[in-house]
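J.: only geometry, no sequence info:
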């Protein structure tokens, strides 16, 4: 099947009823799955069907079965679409399913995500989340040109780039240029390849492998390179091109005696791969910052009054700006939003999860970046850190306080600790601040108060908000509507 045929064979959507039926059908396919990602997808599908069942046009109907089975049957049969089109709650549920499907990465799930993406954008053509989903999905499918167009549409609809889309675009474009340079180099190094670049890439590649198998590299290489050139000319998916480029270089390293020529090709391959993974990095050594350890951070905060400001609706209407700025140190989290009258204007410590890039460009004294997996944490630092936006940066000893400092494993604390809880646990553990106040912490009872681009982020279920609230209240010295004092 050619690349074009593969693209045409993929399921596409657009109609809400069809999309929901596809989701319901897929839900049935996941019953009994032991794959963690598919189990999580099944849970999001269940939530979607519940939302659909409660928001569908509700003309009186005869009594019907209840429970998940009834929701599934109702969705499969098709329910009337609300006259107003797709509502916000249904939109969020669809996006949650699509994102989980994208995480799965299997063909069936990618097709489901594609159907949802088409449907969301058919219903909401200016949906920022919809365009970002489309871009990530197309990138996963190897459709880089279309992915870049979708990323550009996303950027045109937002003033904030907390997800690092500009860097992603730059990386993909730089990678495409390096890939073109690599193919041009291979063409120069193997002039006979042009003789095989017009045939069907699959057949030519098979001929090259057969020649290599019998030890005839002289006949194998022009066919292998010719197949690579044919794939590029056919605008094959990036995934297919990368796989065969990697195989070709693996084969070449076993037979090529021309080390300088091989090194030049491998260097270009590595460069285009690196750019696809993380994009151009101004300072790949994470220079220009002073790393601080757990002990150094302790010395930095010792004897100072500290307030931690929640990203809650309660803070956004508090009129506590002057009181907040009166503390020695002001700590804010992730996608915090500044309104001097209500939130105060100063940020001394920015604590953030490594997965999002909100406010990393805001000037602070200290930035603590939290993350559970060391490799992912380092990757995010190299991609998201803005040179000059912080004086101090927490090192590995401050990466994951609840787990690494408190030694609270999943047997003790099953949920993933929030950024706020990691920060609070760290300050409580160090116990060197005479005043430690939480401002506006109602654990999202009053809704979120974030930068605009982050307002659509779901309040994720992986965190144990109830357990965190209980932990806080057990240690509270005084509690008012706006302030919880732990010291």
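T.: Arrived safely, thanks for sending. The structure displayed is predicted, hence computed values, not measured ones.

J.: residue boundaries of the helices in the stretch 101-250 of the chain?
T.: Remark: helices assigned in the stretch 101-250 of the chain by DSSP state H, counting those that start in this stretch are 107-123, 128-140, 144-156, 165-189, 201-213, 217-233, 238-253.

J.: right, and residue 286 touches residue 382 too?
T.: Yes. Using C-beta atoms under 8 Å, residue 286 makes contact with residue 382 at a distance of 6.1 Å. Placement of C-beta: from N, CA and C, glycine included.

J.: hmm, residue 212 is touching residue 220, no?
T.: Yes. Judged on C-beta under 8 Å, residue 212 makes contact with residue 220 at a distance of 3.9 Å.

J.: for residue 386, give me its contacts.
T.: Residues counted as contacts of residue 386 (C-beta atoms under 8 Å, 6 or more residues apart in numbering) are 360-361.

J.: how about the secondary structure of it?
T.: Classification of residue 386 by DSSP: H, G, I helix; E, B strand; the rest coil places it in coil.

J.: what touches both of residue 212 and residue 220?
T.: Joint contacts of residue 212 and residue 220 (C-beta under 8 Å, 6+ apart) are residue 251.

J.: that older thread, tell me which of the helices of the stretch 101-250 of the chain lies nearest to residue 279.
T.: Closest of the helices of the stretch 101-250 of the chain to residue 279 is helix 165-189, at 2.6 Å (criterion: C-beta to C-beta).

J.: any weak-confidence spans in the stretch 201-350 of the chain?
T.: 281-282, 284 (pLDDT under 70).

J.: residue 350 versus residue 333, what's the distance?
T.: Using C-beta to C-beta, to the nearest Å, one gets 8 Å for the distance from residue 333 to residue 350.

J.: what about the two, which has more around it?
T.: Between residue 333 and residue 350, counted using other C-beta atoms under 10 Å, residue 350 has the larger neighbour count: 26 against 23.

J.: give me phi/psi at that one?
T.: Dihedral angles of residue 350 (phi, psi; degrees, to the nearest 10) stand at phi -110, psi 110.

J.: equivalent analysis for residue 412, please.
T.: As for residue 412, its main-chain torsions (degrees, to the nearest 10) stand at phi -100, psi -40.

J.: near it, how many other residues are there?
T.: Using other C-beta under 10 Å, residue 412 is surrounded by 10 other residues.

J.: and for residue 438?
T.: Count around residue 438 with other C-beta under 10 Å applied: 22.

J.: that one: what's it in contact with?
T.: Contacts for residue 438 were tallied using C-beta under 8 Å, 6+ apart; they are 307-308, 310, 424, 472, 483-486.

J.: surely it is within a strand?
T.: Yes. Under three-state DSSP, residue 438 falls within a strand.

J.: and the gap between it and residue 465?
T.: Separation of residue 438 from residue 465 (C-beta to C-beta): 14 Å.

J.: ditto for residue 133
T.: 26 Å.

J.: between those two, which is the more surrounded one?
T.: Neighbours per residue (other C-beta under 10 Å) separate residue 133 from residue 465, with residue 133 holding more: 25 against 17.

J.: so who does the more buried one touch?
T.: Applying C-beta under 8 Å, 6+ apart, the residues near residue 133 are 95, 98-99, 102, 113, 116-117, 120.

J.: of these, which pair is most distant in space?
T.: The largest separation in those, counting by C-beta to C-beta, is between 102 and 120 at 13.0 Å.

J.: the two: who's more crowded?
T.: Using other C-beta under 10 Å as the criterion, residue 102 and residue 120 rank with residue 120 on top: 26 against 23.

J.: what's the pLDDT at the more buried one?
T.: At residue 120 the predicted local distance difference test score is 94.

J.: what do you get for residue 454?
T.: So residue 454 comes in at 78 (pLDDT).

J.: nearest spatial neighbour of it, skipping sequence neighbours?
T.: For residue 454, ignoring the flanking residues on the chain, the nearest one in space by C-beta to C-beta, 6 or more residues apart in numbering is residue 335 at 3.5 Å.

J.: and residue 317, by the same measure?
T.: Counting by C-beta to C-beta, 6+ apart, the nearest residue to residue 317 once its immediate chain neighbours are dropped is residue 342, at 6.3 Å.

J.: residue contacts, the one you found?
T.: Residues near residue 342 by C-beta under 8 Å, 6+ apart: 315-321.

J.: which among the residues you listed count as buried?
T.: Taking 16 or more other C-beta atoms under 10 Å as the criterion, what is buried in these is 315-316, 318, 320-321.

J.: and those residues as CSV, adding distance to residue 443 and secondary structure?
T.: Shown next, in CSV, are these (distance: C-beta to C-beta, whole Å; DSSP: H, G, I helix; E, B strand; the rest coil):
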residue, distance to residue 443, secondary structure
315, 13, helix
316, 15, helix
318, 16, coil
320, 18, coil
321, 22, helix
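
J.: which one among these gets closest to residue 451?
T.: residue 316 (11.8 Å).

J.: that closest one and residue 347, how far apart?
T.: Distance from residue 316 to residue 347, by C-beta to C-beta: 16 Å.

J.: could you check how far stretch 319-329 is from the centre of its chain?
T.: On the basis of C-alpha atoms, centre = their mean, to the nearest Å, stretch 319-329 sits 33 Å off its chain's mean C-alpha point.

J.: that stretch: end-to-end distance?
T.: The straight-line separation of the ends of stretch 319-329 (C-alpha to C-alpha, to the nearest Å) is 19 Å.

J.: what are the contacting residues of it?
T.: Outside of stretch 319-329, the residues within contact range by C-beta under 8 Å, 6+ apart are 301, 304-307, 309, 330, 339-346, 348-349, 435, 437, 439, 482.

J.: the same query, at a cut-off of 7 Å, please.
T.: 301, 304-307, 309, 330, 340-346, 348-349, 439, 482 (C-beta atoms under 7 Å, 6 or more residues apart in numbering).

J.: ChimeraX command for the buried members of the residues you listed?
T.: Buried residues among the contacts of stretch 319-329 (16+ other C-beta under 10 Å), as a ChimeraX selection:
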select :301,305,306,307,309,330,342,343,344,346,348,349,439,482
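
J.: list the buried residues in the helix or strand where residue 54 lies.
T.: Using DSSP states H and E, the element containing residue 54 is helix 36-55. When burial is assessed from 16+ other C-beta under 10 Å, helix 36-55 yields the following buried residues: 37-38, 40-46, 48-49, 51-53, 55.

J.: pLDDT check: weakest of those?
T.: The pLDDT minimum for the buried residues of helix 36-55 sits at residue 55, where the score is 74.

J.: touching, it and residue 86? I think so.
T.: No. Between residue 55 and residue 86 there is no contact under C-beta atoms under 7 Å: 9.5 Å.

J.: how near is the residue lying closest to residue 383 once chain neighbours are set aside to residue 145?
T.: The shortest distance from residue 383 to any residue other than its chain neighbours is 5.1 Å, reached at residue 278 (C-beta to C-beta, 6+ apart). Separation of residue 278 from residue 145 (C-beta to C-beta): 20 Å.

J.: repeat that for residue 207.
T.: In terms of C-beta to C-beta, residue 207 sits 29 Å off from residue 145.

J.: same question for residue 338.
T.: In terms of C-beta to C-beta, residue 338 sits 38 Å off from residue 145.
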